[in-house]
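J.: Everything below, folded, please.
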Amino acid sequence: MSKSIRAIGCHPQPGSPARMASVRWALASLSLSMLMPSLDTSIANAGLPVLAEAFGASFQQVQWIVLAYLLAITALIVSVGRLGDLLGRRRLLLAGIVIFSSASIACGVAPTLWLLLVARAAQGVGAAIMMALSVALVGETVAKERAGSAMGLLGTMSAIGTTLGPSFGGFLIAGFGWRTIFLVNLPLGLLNFLLARRWLPLDRRESNAARVRFDPAGTSFLAIALVAYALAMTVGAGHFGSLNIALLSAAVCGVGLFVRAEMRTTSPLVHPAMLRDSSLTVGLGASALVATVMMATLVVGPFYLSRALSLGSTAVGLALSIGPLAAALAGVPAGHLVDHVGAHRMRTIGLAGMAAGCCVLSLLPASFGIAGYLMPIVLITVSYALFQAANNTVIMMGTRTDRRGVVSGMLNLSRNLGLITGAAVMGAVFAHASAAVDVTTANPAAVAAGMRGTFAVAATLIGVALAISAAAHAFPRPGGADVLAGAPDRA
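T.: I've put the predicted structure just below:
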């Protein structure tokens, strides 16, 4: 019976116990594939001071342990999504789990910092595969009317990984040493591989698969552009100098070459017609704007809590965990709401909730204390969970089956670029609004003013996302519908 459960087109009847068990175990695998990469993003941060001491390196040098991982994900997530469309998503996801787990072992036994950086980049390759294909496989695993619940579950697992990382990493380092923050992925990876191999649906070979080729030129130009942009936003420790300008110029040139390559090839990585579909472009744009705003909570929060509200380091850590915890708890209920109320409507409600929370923070006096800060933060993060579940459902369920990998990669990329941009831009807004030479030594009133200014800008960005989302839903322009949901590519 196991073969019949796994085979495409030979599933048990919908609603049968065998079918329900198959879906549950498949979702368990996809959940682990979201949990592991998000956990490794935040767990490494907890180990940076210890790693600096272990390798006799500066803080700037060990920061590349995080950066190498994020750059690999950013550069490759669209390309690996497309590879999944061509080679088979289940097959490539299994390979991604093996790459991620093997690279985790290499990280855990690395004798030098540069070998650890190489292993972290390889880990990022596996993470990109897992993140892109987990979302893409939802459409092949659950019925369309349950897609919102599945998206909410994946969002919950991502939030849990991000929330759990620092505390879990600290526990492992204190009890067993820094190497265990990487080696812990081995049992998780083994479990995930067994679940995915047993329960994920077999890959379906599309009739045109043999005629569709990979796009190496477009892939290379896009990777160069994305890495250059990510570096432009992160190097320089907050100072935008000549190196940043050169990297940003390289990113612009890379985008130009990428567009030129896509217009000329018969099997593009990102079909130009896809970007004429308002549902896709609005969803990606809104995702980037929302991620930019969410980064503001991470940039501003520690300074506001410690300097404006005078909280100690333990209290700051606990307060910062409230938002991600709220998002994790809200993920599954948000998915159920999407299924029962409608994805477009719940996306609008999620954006409206985020805008309201940002507006409250932009007007908040410090005299309201910790409760006055946390209540709007909880509203923002819960609304973010609702937006994520709804936006992912709108995009992925409107995408043709053999394009779900690349579109899932684009969706993850938009969020990554928003986070990267938010770290640089919202940090600069915070520094400017506080009118302080150095925010780390600014007085409480200046930090409070910086917080209010930052969230005023954040509210404006969410307002833009809300406006374009509402306009796209009211006046759809399905220019790319042939690519997203209809005719196959022509090689």
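J.: okay, CA-based contacts and neighbour counts for the rest of this
T.: Will do.
J.: what's Asp85 in contact with, if anything?
T.: The neighbours of Asp85, taking Cα atoms under 8 Å, 6 or more residues apart in numbering as the test, are 402-406.
J.: Looking at the residues you listed, state which has the most neighbours.
T.: Among the contacts of Asp85, Gly405 has the most neighbours (other Cα atoms under 10 Å), with 32 neighbours.
J.: you'd agree that residue is up against Leu87?
T.: No. The pair Gly405 / Leu87 is not scored as a contact, 10.5 Å apart, by Cα atoms under 8 Å.
J.: Hmm, Leu39 is touching Leu164, no?
T.: Yes. With contact defined as Cα under 8 Å, Leu39 counts as touching Leu164 (6.9 Å).
J.: More neighbours: these two, which one.
T.: Set side by side, Leu39 and Leu164 show more neighbours around Leu39, with 24 against 20, by other Cα under 10 Å.
J.: and the residue lying closest to Gly463 once chain neighbours are set aside, how far is that from Ala459?
T.: Distances taken as Cα to Cα, 6 or more residues apart in numbering place Ala355 nearest to Gly463, at 6.5 Å, with adjacent residues excluded. Note on Ala355: its distance to Ala459, by Cα to Cα, to the nearest Å, is 5 Å.
J.: likewise Leu117?
T.: For Leu117 relative to Ala459 (Cα to Cα), the value is 37 Å.
J.: quick one on the thing from earlier: tabulate the contacts of Asp85 (JSON lines), appending distance to Ala26, secondary structure and pLDDT.
T.: Shown next, in JSON lines, are the contacts of Asp85 (distance: Cα to Cα, whole Å; DSSP: H, G, I helix; E, B strand; the rest coil; pLDDT from 0 to 100):
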{"residue": "Asp402", "distance to Ala26": "20", "secondary structure": "helix", "pLDDT": "70"}
{"residue": "Arg403", "distance to Ala26": "21", "secondary structure": "helix", "pLDDT": "77"}
{"residue": "Arg404", "distance to Ala26": "17", "secondary structure": "helix", "pLDDT": "78"}
{"residue": "Gly405", "distance to Ala26": "17", "secondary structure": "helix", "pLDDT": "79"}
{"residue": "Val406", "distance to Ala26": "21", "secondary structure": "helix", "pLDDT": "82"}
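J.: Just put these in a markdown table and tack on distance to Phe368.
T.: Shown next, in a markdown table, are the contacts of Asp85 (distance: Cα to Cα, whole Å):
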| residue | distance to Phe368 |
| --- | --- |
| Asp402 | 52 |
| Arg403 | 49 |
| Arg404 | 46 |
| Gly405 | 46 |
| Val406 | 46 |
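J.: which of these lies closest to Glu262?
T.: Sorting these by how near they are to Glu262, with Cα to Cα, puts Val406 at the top with 14.1 Å.
J.: related to what we said a few turns ago, may I have the secondary structure class of the residue nearest to Gly463?
T.: Under DSSP: H, G, I helix; E, B strand; the rest coil, Ala355 falls in the helix class.
J.: can you pull the contacts of the residue nearest to Leu379 when sequence neighbours are not counted?
T.: Excluding the flanking residues, the one nearest Leu379 by Cα to Cα, 6+ apart is Gly357, at 5.8 Å. By Cα under 8 Å, 6+ apart, the residues touching Gly357 are 376-377, 379-380.
J.: returning to that earlier point: for the residue nearest to Gly463, give its distance to Ala465.
T.: In terms of Cα to Cα, Ala355 sits 10 Å off from Ala465.
J.: of these two, who's got more company?
T.: Ala355 (27 against 24).
J.: quick one, what contacts the more buried one?
T.: Under the criterion of Cα under 8 Å, 6+ apart, the contact list for Ala355 reads 380, 458-460, 462-463.
J.: Could you tell me the per-residue confidence at it?
T.: Ala355 carries a pLDDT value of 96.
J.: Renumber starting at 17 from here on
T.: Done: numbering now begins at 17, and the last item shifts to Ala371.
J.: and it, how far is that from Leu477?
T.: As judged by Cα to Cα, Ala371 and Leu477 stand 9 Å apart.
J.: Then Met290?
T.: Separation of Met290 from Leu477 (Cα to Cα) stands at 24 Å.
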